[in-house]
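Enquirer: This is a predicted model, with the sequence first.
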Amino acid sequence: MPTQRDWSRPGALFVFIGTFVIFSSFHVVRKGYSCSKMVLENQWGIDTSMLGIMDTVFLVSYAMGLIISGKLADRFGAKPVLAIGMAVSIALEVIFGLAQIIGLNTIWFLVVIRGTKGLFNSTGWPCTVKIVSAYFDKRRGSAFGWWCANPWIGNMLGSVLVSALIQRNLSLPLIFSLPASYMLIGLFVLIFLPSHPKDQSHSKSIPRPGSTNMSFSEAIQVPGVASYSLAYSCLKLVEYSLFFWLPIYLHEHICLKCHTSGYVSNAHDVGLILGGIIGGIASDAIGGKRAIVCGSMLVLASGCLIAFAFLGHGESYYTVTALLFASGFCLGGPVVMASSVIAADLAENARKKRQQNGLDTCPEAVGTLNGIICGSGNLGAAAGQSFIPHLLSIRGWPGVFYVLSSFCMLSLAFLTKPILDDIYIKECESNESKPDLNTEKNSLLEDDSPIYDKYPSAWKDLLDDNTIEDTYPQKDYLIADFNSFENANNALSA
């Protein structure tokens with residue numbers, strides 16, 4: 001779990017729960033649409049191919065929107081961008097449900113609605129990740145491991161809600177409007193949500209150091225961004241392929257009933273949730289070496305997917321459930337870390353590098369980096385939906401799982417450099433000689449000049465997040481986790 005220091009920040013618990021509710025609402029609506037496809041086919045006469053086109057348009061616009069939304073969140077702030085995205089998404093969901101009543105249920109109108117909805121839905125992830133990362137910095141992997149359960153919790157809630165509405169033969173406007181009302185609750189929560197610890201800090205009246213926004217060209221050049229973007233595009237292709245096709249596989253190949261296959265496929269979601277939590281905790285336990293944990297779990301995930309190819313017709317219910325859980329567990333860690341905590345880590349590393357080079361400005365980068373990585377992932381997911389049906393018709397289900405397993409290994413190949421960096425660079429850093437703390441302290445006390453004159457960058461960090469130990473680990477006695485510069489100064493003089 002996140003450390004005591006993370007939770008002690010004013011509003012941290014409210015931010016954790018509030019953003020959890022907010023982003024889960026996006027998936028309640030998204031899963032609701034997925035569950036209502038049969039109704040759209042029966043009542044509106046939309047065939048499977050057109051539903052596939054709408055899905056592809058949504059994923060492509062969502063992927064492009066992630067990159068744009070991340071940049072907007074860094075430039076204008078996460079809350080206003082997220083509020084606009086949620087408000088427009090609610091409106092579009094209601095309009096989609098009312099399309100037949102208002103006489104606009106033509107296929108191309110619905111495609112435009114889905115594409116536009118993808119753009120505004122994209123504000124959810126980079127904005128909420130940016131907010132959460134500002135509150136949890138010490139055990140970030142653990143925090144995001146728990147927090148990133150929200151998409152799958154939202155999927156389960158949306159599935160239960162919409163299935164109940166369909167079972168009661170309610171109209172399409174209600175089927176689409178009621179899940180949107182859950183997002184309306186999330187929008188109400190957002191109004192009272194602080195976007196950064198500084199919003200509630202007693203030191204907010206002190207002038208803050210200037211900051212700039214990171215450009216796309218700068219963001220792409222941040223070490224690790226290209227590797228994680230390519231790896232996540234392969235990983236997201238695998239995840240979305242399983243998301244869309246597992247129920248059909250269970251029905252056609254394992255010979256489960258339609259409603260049973262839907263329930264059984266939830267074992268995969270449970271595995272994703274627990275895998276994300278364990279993966280995040282493990283990465284924190286070994287000093288933030290996320291790439292090593294991701295690589296290890298990808299190897300296991302590849303083996304699980306190959307095992308699916310050997311399952312025969314009418315395979316044991318328990319064997320299938322166990323394998324679904326195992327595959328979800330092994331994919332959960334890499335999915336959670338690549339889509340959330342990695343961007344925060346890379347942004348922090350970029351900030352430290354600028355400070356080491358003597359640059360005063362620290363660009364806002366979490367939203368931009370997260371948008372680039374997640375946008376790349378969703379482009380991969382969109383590409384997968386275009387060739388999986390063709391591959392299924394040629395090679396059958398074994399061929400599909402062999403290819404998905406290969407994409408897991410390709411994702412691992414793209415992580416080769418980050419893994420080597422984790423092994424060698426951080427090992428070298430841990431073996432570097434550390435200065436004598438008593439000598440440093442005595443030299444400070446001999447000089448009467450204020451601390452903020454001698455260490456201006458440290459003073460700016462203190463204003464930002466009440467700690468300088470990340471940037472100046474050898475001077476952590478300057479702060480000792482006090483809440484103000486005066487307390488730290490008194491501690492030195494004592």
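Expert: Done, it's in.

Enquirer: CA atoms for contacts and neighbours, from now on please.
Expert: OK.

Enquirer: Let me know the helix or strand that the closest residue to Met297 other than its chain neighbours is in.
Expert: Spatial nearest neighbour of Met297, chain neighbours left out: Cys330 (5.0 Å); criterion: C-alpha to C-alpha, 6 or more residues apart in numbering. Using DSSP states H and E, the element containing Cys330 is helix 317-336.

Enquirer: same thing with Gln100?
Expert: Gln100 belongs to no helix or strand, assigned by DSSP H and E.

Enquirer: okay, now the spatially closest residue to it that is not a sequence neighbour: neighbour count?
Expert: Nearest residue to Gln100, sequence neighbours excluded (C-alpha to C-alpha, 6+ apart): Trp44, at 8.0 Å. When neighbours are defined as other C-alpha atoms under 10 Å, Trp44 has 13 of them.

Enquirer: Trp44 and Ser24: what is the separation?
Expert: 28 Å (C-alpha to C-alpha, to the nearest Å).

Enquirer: likewise Arg30?
Expert: Distance from Arg30 to Ser24, by C-alpha to C-alpha: 10 Å.

Enquirer: what's Val336 in contact with, if anything?
Expert: Contacts were defined as C-alpha atoms under 8 Å, 6 or more residues apart in numbering; by that measure Val336 touches 144-145, 148, 276, 280.

Enquirer: again, only this time at 7 Å
Expert: By C-alpha atoms under 7 Å, 6 or more residues apart in numbering, Val336 lies in contact with 145, 148, 276.

Enquirer: Packing partners of the top helix by length along the chain?
Expert: For the chain, the longest helix by residue count, based on DSSP state H, is helix 366-414. Judged by 3 or more C-alpha pairs under 7 Å, 6 or more residues apart in numbering; DSSP states H and E, the packing partners of helix 366-414 are helix 48-76, helix 124-135, helix 225-252, helix 290-308, helix 342-356.

Enquirer: Let me know which of the ones you listed is the nearest to Leu40.
Expert: helix 48-76 (9.0 Å; C-alpha to C-alpha).

Enquirer: starting at the chain centroid, how far to the closest one?
Expert: Remark: helix 48-76 is offset 15 Å from the chain centroid, using C-alpha atoms, centre = their mean, to the nearest Å.

Enquirer: Equivalent analysis for stretch 70-87, please.
Expert: The answer for stretch 70-87 is 16 Å, by C-alpha atoms, centre = their mean.

Enquirer: Pull the residues that contact it.
Expert: By C-alpha under 7 Å, 6+ apart, stretch 70-87 touches 120-121, 123-124, 126-127, 131, 187, 195, 213, 364-365, 367-368, 370-371.

Enquirer: pLDDT on it, on average?
Expert: Rounded to a whole number, the mean pLDDT of stretch 70-87 is 90.

Enquirer: quick revisit: the residue nearest to Met297 and Ile277 touch, don't they?
Expert: No. If you go by C-alpha atoms under 7 Å, Cys330 and Ile277 don't touch, sitting 11.2 Å apart.

Enquirer: Which residue, other than its chain neighbours, is closest to Glu315?
Expert: Ile254 (5.9 Å).

Enquirer: and if you look at Gly375?
Expert: In space, Gly375 is closest to Ala63, 4.2 Å off (C-alpha to C-alpha, 6+ apart).

Enquirer: now do Trp125
Expert: Phe23 (6.9 Å).

Enquirer: is it fair to say that neighbour lies in a helix?
Expert: Yes. Counting by DSSP: H, G, I helix; E, B strand; the rest coil, Phe23 falls inside a helix.

Enquirer: so who does it touch?
Expert: 124-125, 150-151.

Enquirer: 8 Å instead?
Expert: Per C-alpha under 8 Å, 6+ apart, neighbours of Phe23: 124-125, 128, 150-151, 154, 186.

Enquirer: What of Gly371?
Expert: Contacts of Gly371 (C-alpha under 8 Å, 6+ apart): 66-71, 126.

Enquirer: do the same with Gly275
Expert: 328-333.

Enquirer: Likewise for Leu392?
Expert: 399-400 are the contacts of Leu392 under C-alpha under 8 Å, 6+ apart.
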